[in-house]
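here you go, sequence then predicted model.
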Amino acid sequence: MGIISKILDSFKDRTIELLEASIAQLRLGIFSRLSKKYFDNYGKQNGEFLSAAILNKILLEEPGHDEGKQFRENNNVLIEEELLKIPDDEVIVNALSYLYAAQTLYLVYLTKEPFSKRAQELGEQATRLSIYIPNTYDICGSDNVQECVLEIMKYSSKFFNEYK
């Protein structure tokens, strides 16, 4: 392996690490904001379950444990009702825009495909929820992916620290 290949692999690895960290911060920040919103109406535990269920729906993911699956089955109507209210929360919508952008870039690095099936599914879900997925020019004013990943990281850190 040549020196240039090693350098490029190093950039790729660092970019993936930054995207993973950004995704984690955005997910936790969104979960925290939703949880605080739902605590008053549904209590701490149900508020957390509802927040997790909504985030799972937004990201087209399955619950991570049996209690989450049971909550989803028992509260599907409530989850859908609250999911459709997400576009009314500008702070969450903005964070979700960055989350979808980070997820999409991350998928490009993992699959080496600009439009993987998973990225297409996330794009369709974002459209369903009226959430715009920004492109690199929207995020950092250029097509430089590394600059945009750094901007996503800055945003996600600020968002996480504000809403954790």
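It's in.

residue nearest the centroid of the chain?
What sits nearest the mean C-alpha location of the chain, by Cα atoms, centre = their mean, is Leu99, with 3.2 Å.

quick check: it touching Leu28?
No - using Cβ atoms under 8 Å, Leu99 is not in contact with Leu28, being 10.8 Å away. Quick note: C-beta positions are derived from backbone N, CA and C, even for glycine.

any idea how far the residue nearest to the centre of the chain is from Ala53?
As for Leu99, its distance to Ala53 is 17 Å (criterion: Cβ to Cβ, to the nearest Å).

what secondary structure does Ser130 sit in?
coil (DSSP: H, G, I helix; E, B strand; the rest coil).

pLDDT below threshold where in this protein?
1-12 (pLDDT under 70).

ok, 50 please
Low-confidence segments of the chain (pLDDT under 50): 4-5, 7-8.

counting contacts, what elements does the longest helix along the chain pack onto?
Taking DSSP state H as the criterion, the chain has its longest helix at helix 3-58. Packing partners of helix 3-58 (3 or more Cβ pairs under 8 Å, 6 or more residues apart in numbering; DSSP states H and E): helix 66-74, helix 76-83, helix 90-111, helix 145-163.

nearest to Lys57, of these?
Among the helices and strands packed on helix 3-58, the nearest to Lys57 by Cβ to Cβ is helix 76-83 (5.3 Å).
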